[in-house]
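Asks: The sequence and its predicted three-dimensional model are supplied below.
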Amino acid sequence: MYVPLKSLRAALLFAAVATASAYAQPGHGQPPPGHGGIPPGQAKKMDRGDLPPGQAKKMDWRFRGDEREHFRGYYEQDARRWQRRHRPNFYAGYAIPRTYVVQTVPPAYYSGLQPPPPGYRYGYYEGYVVAYNPTTRVIADVVDLVGALSGR
C-alpha cells in the first residue's frame with residue numbers, strides 16, 4: 001500500500017498536536033486565574049478591598065454643595081434664556097402659523113380650565129396653552145405655562 005508522503009506528514013503532525021494539547025497544563029502561558037492580568041502582589045491588595053495605585057485619589061473627587069448650587073443656578077438661568085429666545089410668542093388676536101402643529105391639551109392641564117368659547121378649542125404648543133379657532137387659527141387667549149413656572 002502506497003501512502004503519499006505529504007498525507008503521512010500531515011497525519012503525524014495532527015496526531016502530535018492533538019496529543020501535546022491533551023497533556024499540556026491548563027493555563028500554561030496565561031496569567032493566573034482570578035488576577036485578570038494584574039501582578040500577584042497587587043491582586044492580593046485588591047482582594048482586601050484596596051484600590052490600585054492612583055485610583056483611590058480619582059474616586060475621592062465629588063461636587064461640594066456650593067458647587068452643585070452654582071451649576072444648578074447657572075444652568076437654570078441659561079435654560080430660561082434659551083426658552084425665551086427659542087420659544088414663539090403667542091398673543092391674543094394673532095394667528096398661529098400653519099407650520100406650528102398645535103397638540104391637544106394634556107388632561108392634567110385641561111381639568112383646571114373653563115370650557116373654551118363657542119367655536120374655539122384649547123391647544124398646547126411649546127409650553128403655551130392657547131384658546132384658538134381651529135379654522136382660522138386666531139388666538140383668543142394664551143396661558144404661558146413655562147413663563148409662569150420660571151417666574152417670568
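Replies: Thanks, I have it.
Asks: what bits of this protein have low per-residue confidence?
Replies: For the chain, the stretches with pLDDT under 70 are 1-41, 43-86, 110, 112, 146-152.
Asks: Tell me the spacing between the closest residue to residue 128 other than its chain neighbours and residue 42.
Replies: Among residues not flanking residue 128 along the chain, residue 90 sits closest, at 5.2 Å (Cβ to Cβ, 6 or more residues apart in numbering). Bear in mind the C-beta positions are built from the backbone N, C-alpha and C, glycine included. Using Cβ to Cβ, to the nearest Å, we find residue 90 at a distance of 64 Å from residue 42.
Asks: higher neighbour count, those two?
Replies: Comparing residue 90 with residue 42 by neighbour count (other Cβ atoms under 10 Å), the higher total belongs to residue 90, at 20 against 13.
Asks: surely the more buried one meets residue 100?
Replies: No - between residue 90 and residue 100 there is no contact under Cβ atoms under 8 Å: 9.3 Å.
Asks: For the helix or strand hosting residue 139, buried residues please.
Replies: Per DSSP states H and E: residue 139 is located in strand 139-144. Neighbour counts over strand 139-144 (16 or more other Cβ atoms under 10 Å) mark 139-140, 142-144 as buried.
Asks: ok, now stretch 97-107?
Replies: Under 16+ other Cβ under 10 Å, the buried positions of stretch 97-107 are 102, 105.
Asks: quick one on the thing from earlier: got TSV for the buried residues of strand 139-144, with distance to residue 108 too?
Replies: Supplementary listing: those in TSV, determined by distance: Cβ to Cβ, whole Å:
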residue	distance to residue 108
139	22
140	22
142	18
143	13
144	17
